[in-house]
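Student: turn this into a structure:
(one chain, ligands or ions: 1)
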Amino acid sequence: MNIEELIGKMTVEEKISLLAGASSWRTQAIERLNIPSIILTDGPHGVRLTTASEPGEMLSKTQPATAFPIEAAMAATWNEPLIHELGVAIAEECQYYDVGIILGPGMNGKRSPLGGRNFEYFSEDPFLTGKIGASFVKGVQEGGIGTSIKHFAANEQETNRMVVSSEVDERTLRELYMLPFEMVINEANPWTIMCSYNKVNGIHMANNDKYLNGLLKQEWGFEGLVMSDWGAAVDKVASVQYGLDLEMPGPGHRNAEVVEAYRNKQITAEQLDDHVRRILKVIHLVLAHKREVPSIDVDHHHAIARRVAEEAIVLLKNEDYILPLVKQAEVAVLGKFAEVPRFQGGGSSHMNPALLDIPLDEISKFAHTVYGAGYDETDNDELLTEACELAAGQDAVIIFVGTTVKIESEGYDREDLNIPHSHTRLIDAVSKVNPNVIIVVNSGSVIDISAYESQVKAIVQAWLPGQAGGSAIANILFGEVNPSGKLTETFPLALEHNPSYLSFPGNINQVKYSEGIFVGYRYYDTKKLDVKYPFGFGLSYTEFEYSNLRLSSSSLKDGDVLKITVDVKNVGECTGKEAVQVYVRDVKSTVLKADKELKGFAKVELIPGETKSVQIEVNERAFSHYVEHLGKFAVESGEFQILVGASSRDIRLFGTVVFTSSGDLREPLTLLHSLQEWLKDGRYADKVQFVISQMSQMKINEDNPLYPVVLGMPIRTILSSLQSFGYPQEVVDQIHSRFSEASAAQENV
Ligand code: BGC
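Tutor: All right, here's what the predicted structure looks like:
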C-alpha cells in the first residue's frame, strides 16, 4: 500500500469518511481505491468477536476464544516473559478470526479499590503497569496484530465516566496516570491508543489538544492512530481539530459537519491528511502482517492461560502450613464458585471461553471430595446447613467466595470492599464445625477480609483467573505448583484509609484527584499506616534469602545506568519463584515525594538450596520527578537509597547512591515570593543584600520586632510598603528592577 499515493488520490469526502468506523467493529473501506476495512475488537483478556445479529446480543454471542486471566492477575505474576507469551497467543487467535486490532490492554490506574474496572487494569503502581503492559503489547504485535492501549487518560472510575472531569495536577498526571502509556509507547510502540470518555481538567479527552496533540503526538512522538472509546467523540469537529484520528464505533453520521468545517477552514488539509495517514498506516500494518492461521491450538493456549493463572495466585495466609494439602485427603469443597466458576469480569471484556476448567472437578483429581453450593443469590439456610454437615469431620474445607458481577463490573463502581453476606456467613458457620478452613477468593480487586481472616487457616487470592483457573487453583492447593504471585495493589485495613476515600468518585461534573501522587503504597508507606497486606506481598511454600547487594556505582550523573545486583537463595524445601523488587527512596527532597517508589523487578526460579544473582538496571528516570515549571522529568541532586525486597514492607537490603544532576530544578523566584524565600534561595544574594541594606537604613532590621513579618512578605508588598512610607521612588524602582532582572534571568535558565 503506497500511503502517500493513496492520500493524493482521495477526495476530501473519502478522507473524512475514513475518520469514523463503518460499523461497531470495523473501519471504513474505500472500494474505489482498494482500501479494505479491518476489524477491531475487545480485549483485553482474549478475543471477543461478536457473532450477534442483534445489538442486544453483542456481548453474549461471541466466537469461542481463550479467556486468559484478567489483567489484575496478569500483573500479579510479575512475569514479563510470561505475559509476552500470552500476548503472542492472543495474536494467534486474532489472526485466526481475521481481527486486526485487539482493544487493550487497559492501562489506567487504581486510585481507589472501588474502581469497577480495576480488574481490567494492572496495578496501583504505574511502573509495574507500564512494564507488564509493554510485555503484553510486544507479544501481541510480534504476532502481527495491533493493540489499542486504553483508556487515555485519567479514567479511574466508572461513575459518570462519560461526563466527569478528572481534575488532576500535571505532576500527578505525568508520574502516575500518563507514565504507563508513555512507557508502553517507548518500549513497545503500540499501533493504536484509545482515548477515554472523561474530561481531564475540563476538556474531553477525545478533543483534548493538550494531551492528544501536545503530549502524545508531539512530546512523545506517537506515530500510531488515536481512536475514541466507543461513543467518546462528543464533539466530532473538535475531535478532528484536536488530535483524534478515528471515531468509534461507526457508521459516522457527522461526516457532513466535518466537510463543512473543512470548507470553512476550521480544519486544515494537513490536519486531515495526518489523520488519514495514521489510519492508512494501521490498515497497512494489519494487511502486511496478516498470516494464515488455519486453526487455534486450543490446548496449548489453555496451558498458557493456566500458567498465567498459577503464577498470578497470591497466597495471603497459610497458618500452620495447612497448604499444600496432602493428596488423597478427605476434603469438603464448598461455594457455588467451585462448580460455576467466576473466572472473568463483566462488560466489554466478557468473552466466550474456548474451554473451561471446573475447580471442583480439578480438586477431585487430587482428593476425595464432597461438595455443597453453600450459598446462592441470597442467604439460603438449607444450603448453609448442608455445607456445615458436609464440612464436619473432613481433613480440610475449601470454600470458594468472592465478588459477583453485580458487585464489580465495567459500568459501575463498587460501594464497599465486601463480598456477599451469603459468602461470609458460610465462612463463619463452617469455621465453627471445622478448624481447617481454606478460602479461595475470586475477585478482580481488593476485598476486605478482616472480619473473617482469623477464622480461616489459609487465604488463596485467585482473582478472576480465566478459563484454566480451576486447574490452576487445584495445582496450587495440592502443591503441584508453588505459589509465586504477589499483590500489585495494597489491601488496606479499612476502605476509609484509602487516600481517595473522601474524593472518590466526586460528583457528576468533576472528581478531584486530591491525593495527588500518594496512591496505594505510595500513600500507606509514606503515612506509615498499617495495612492488611502490603503491595508486593505474597507467600510461597518455600523461603528466600536475600544477600550481597552490589551497586555498579555509588555516584551517578545524568545518562548513567545503575546496575543493582543481589543474590537470592531458596532456603526451603521445594522449588519456587520469587519476584524481587527494587524501590528507590529520595533521602531528602525539596518537593514532596513518596517514601519509596518501585523502579525495577525480576522474577527468578530457584530449586532448593540454589542461589542466583539477580540484576536489575535503572536509569536516571528512576530518580527523577516531574518538574512542572520545567515541563519535564528531572533529578534533584542528592542522596538516594536503593531498597531491595520481597514487598514494599519487607525490604531486605539497602544501598545508597549520590546523584549529581547537571540541571537546576529550583523554581524561578518572582516578586510574589517572600524576602525569606529569596534569602534562602541564595542564587541572587546581591539583589537581596541590596534590599536588606535599604531596609536597614529605615531601621527595619533584626532588632526590629516587625522584622519577621517583613521577611514573610512578598517583594511586591515590601515595595508598595516602602512607597507608602514615603521612601524615595528612585530606590523603590531600583529594588524593583533588580528583582525583576533576577526573575527574568532564572526563567531563561
Ligand atoms: C469500553 C472499552 C471497549 C469499548 C468497545 C467501551 O465501553 O470502555 O474498553 O473497548 O467499549 O467494546
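
Student: grab the nearest non-local neighbour of whatever residue of the stretch 251-400 of the chain ends up closest to the ligand.
Tutor: Of all residues in the stretch 251-400 of the chain, the one sitting closest to the ligand is S348 (3.5 Å; C-beta to the nearest ligand atom). (C-beta placed from N, C-alpha, C; glycine too.) For S348, the nearest residue in space outside its immediate sequence neighbours is D42; the separation is 4.8 Å by C-beta to C-beta, 6 or more residues apart in numbering.

Student: thought V437 was touching V456?
Tutor: Yes - distance between V437 and V456: 4.4 Å, which falls inside the contact criterion (C-beta atoms under 8 Å).

Student: what touches both of those two?
Tutor: Common neighbours of V437 and V456, using C-beta atoms under 8 Å, 6 or more residues apart in numbering, are I399, I427, S431.

Student: show me what contacts the last one?
Tutor: When you say that, I think you mean S431. For S431, the contact set (C-beta under 8 Å, 6+ apart) comprises V437, Y452, Q455, V456.

Student: and what of I398?
Tutor: Here I398 is in contact with V331, A332, V333, L334, A338, I363, I438, I439, V440, L477 (criterion: C-beta under 8 Å, 6+ apart).

Student: how far away is the third one from T403?
Tutor: So the one you mean is V333. Distance of V333 to T403, given as C-beta to C-beta, to the nearest Å: 19 Å.

Student: and the second one, by the same measure?
Tutor: For A332, the distance to T403 under the criterion C-beta to C-beta works out to 23 Å.

Student: who's more crowded, these two?
Tutor: Set side by side, A332 and T403 show more neighbours around A332, with 28 against 24, by other C-beta atoms under 10 Å.

Student: OK, contacts around that one?
Tutor: With contacts defined as C-beta under 8 Å, 6+ apart, the neighbours of A332 are T369, V370, Y371, G372, A387, L390, A391, Q394, A396, V397, I398, N434.

Student: now, which of those residues lie within strands?
Tutor: T369, V370, Y371, G372, A396, V397, I398 (DSSP state E).

Student: out of these, which comes closest to N160?
Tutor: When those are compared for distance to N160, the smallest value, 39.8 Å, is given by I398; criterion: C-beta to C-beta.

Student: first-to-last residue distance for stretch 55-62?
Tutor: 12 Å (C-alpha to C-alpha, to the nearest Å).

Student: swap that for stretch 11-24, sorry
Tutor: Terminal residues of stretch 11-24 lie 24 Å apart, using C-alpha to C-alpha.

Student: what does that stretch contact?
Tutor: The contact list for stretch 11-24 (C-beta under 8 Å, 6+ apart) reads 7, 27-30, 32-33, 35, 37, 40, 50, 58, 230, 240, 245-252, 254-255, 258-259, 262, 272-273, 275-276, 279-280.

Student: report whether that stretch contacts the ligand.
Tutor: No - for stretch 11-24, no contact with the ligand is found by C-beta under 6 Å from any ligand atom; the gap never falls below 8.0 Å.

Student: any idea how many residues pack against E543?
Tutor: Residues near E543, counting by other C-beta under 10 Å: 14.

Student: oh sorry, the question was meant for V635
Tutor: Neighbour count of V635, defined by other C-beta under 10 Å: 23.

Student: so it touches F623, yeah?
Tutor: Yes - assessed by C-beta under 8 Å, V635 is found in contact with F623 at 4.6 Å.

Student: residues that sit against both of those two, list them.
Tutor: Taking C-beta under 8 Å, 6+ apart as the criterion, V635 and F623 both touch F659.

Student: ok, what's across the strand from I651?
Tutor: Listed by DSSP bridges, the beta-bridge partners for I651 are G645.

Student: that one and D525, how far apart?
Tutor: Distance of I651 to D525, given as C-beta to C-beta: 10 Å.

Student: who has more neighbours, these two?
Tutor: D525 (22 against 19).

Student: please name the nearest non-neighbouring residue to the more buried one.
Tutor: Nearest to D525 is D595, by C-beta to C-beta, 6+ apart, at 4.2 Å.

Student: so what's that neighbour up against?
Tutor: When the contact criterion is C-beta under 8 Å, 6+ apart, the partners of D595 are R522, D525, T526, K528, R585.

Student: count the residues that sit near the first one.
Tutor: To tie it back to what came earlier, the one meant is R522. R522: 27 surrounding residues under other C-beta under 10 Å.

Student: repeat that for the third one.
Tutor: When neighbours are counted by other C-beta under 10 Å, T526 registers 16.

Student: that one is in contact with E597, isn't it?
Tutor: No - between T526 and E597 no contact is recorded; they are 10.4 Å apart, counting by C-beta under 8 Å.

Student: can you name the two of the contacts of D595 that are farthest apart?
Tutor: Largest pairwise distance in the contacts of D595, by C-beta to C-beta, is 13.4 Å, between K528 and R585.

Student: out of those two, which sits in the busier spot?
Tutor: A count of neighbours by other C-beta under 10 Å puts R585 above the other of K528 and R585, at 19 against 7.

Student: so what pairs up with that one in the strands?
Tutor: The residues paired with R585 through beta bridges, assigned by DSSP bridges, are Q641.

Student: pretty sure it contacts E639?
Tutor: No - with contact taken as C-beta under 8 Å, R585 and E639 are classed as non-touching, separated by 9.5 Å.

Student: show me the contacts for M183.
Tutor: Contacts of M183 (C-beta under 8 Å, 6+ apart): P126, F127, G130, K131, G133, A134.

Student: the helix or strand encompassing the third one - contacts with which helices or strands?
Tutor: Take DSSP states H and E as the rule and G130 turns out to sit in helix 126-142. With contacts taken as 3 or more C-beta pairs under 8 Å, 6 or more residues apart in numbering; DSSP states H and E, helix 126-142 sits against helix 71-76, helix 80-97, strand 146-152, helix 179-188, strand 597-606.

Student: just the ones you listed: most buried one?
Tutor: A comparison of the helices and strands packed on helix 126-142 by mean neighbour count, using mean count of other C-beta atoms under 10 Å, puts helix 71-76 on top with a mean of 30.

Student: coming back round to it: can you lay out the contacts of A332 as JSON lines showing distance to the ligand?
Tutor: Formatted as JSON lines, the contacts of A332 follow (distance: C-beta to the nearest ligand atom, whole Å):
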{"residue": "T369", "distance to the ligand": "39"}
{"residue": "V370", "distance to the ligand": "41"}
{"residue": "Y371", "distance to the ligand": "36"}
{"residue": "G372", "distance to the ligand": "37"}
{"residue": "A387", "distance to the ligand": "38"}
{"residue": "L390", "distance to the ligand": "41"}
{"residue": "A391", "distance to the ligand": "41"}
{"residue": "Q394", "distance to the ligand": "43"}
{"residue": "A396", "distance to the ligand": "40"}
{"residue": "V397", "distance to the ligand": "38"}
{"residue": "I398", "distance to the ligand": "34"}
{"residue": "N434", "distance to the ligand": "43"}
